[in-house]
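Student: All I have is the shape, not the residue letters:
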């Protein structure tokens, strides 16, 4: 069982930045694909970004060019740097872990590929 704990959410003005962190409890962290998803009120949870075990990264269309996902194996953590934030980025952000290092890249956008989820952290973009 892998536990994921997110942190770093908060209130930020449009155009501002936030950095989310997700700490994992597993010692085998480097063999997990890691993802970030978000869910706004009344909407489905949507893919934001993924970091594959081979260090390739993938992004949702709405955040491409503004958000950056990164990983630090020594700290068993994955990060989401969010720049140029917009009000439509307001959501609860979830960290997720996929235990199958062989998952193909196109499947990393699917919630069903991830076995473990954090509790979420609220990001609010408002003036």
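Tutor: Thanks, I have it. What you see is a predicted model; the values in this text were computed from it and never measured. Residues are numbered from 1 along each chain as shown.
Student: partner residues bridging the residue nearest to the spatial centre of the chain?
Tutor: Centroid-nearest residue in the chain: residue 36, 1.9 Å away (criterion: CA atoms, centre = their mean). For residue 36, the residues forming beta bridges with it (DSSP bridges) are residue 49, residue 95.
Student: Would you check how far apart it and residue 127 are?
Tutor: The gap separating residue 36 from residue 127 is 24 Å, by CB to CB, to the nearest Å. Bear in mind the C-beta positions are built from the backbone N, C-alpha and C, glycine included.
Student: ok, now which ones touch the residue nearest to the centre of the chain?
Tutor: By CB atoms under 8 Å, 6 or more residues apart in numbering, the contact list for residue 36 reads 20, 22, 48, 49, 50, 69, 78, 80, 93, 94, 95, 96.
Student: how does it look with 6 Å?
Tutor: 48, 49, 80 (CB atoms under 6 Å, 6 or more residues apart in numbering).
Student: Quick check: chain neighbours aside, which residue is closest to residue 26?
Tutor: Leaving aside its sequence neighbours, residue 26 sits nearest to residue 2 (CB to CB, 6 or more residues apart in numbering; 4.6 Å).
Student: That neighbour: how many residues sit nearby?
Tutor: 17 (other CB atoms under 10 Å).
Student: Surely it and residue 29 touch.
Tutor: No - in this structure residue 2 lies outside contact range of residue 29 using CB atoms under 6 Å: 8.7 Å.
Student: Number of residues surrounding residue 65?
Tutor: Neighbour tally, residue 65, other CB under 10 Å: 9.
Student: How about the one 10 residues further on?
Tutor: Taking other CB under 10 Å as the criterion, the count of residues near residue 75 is 12.
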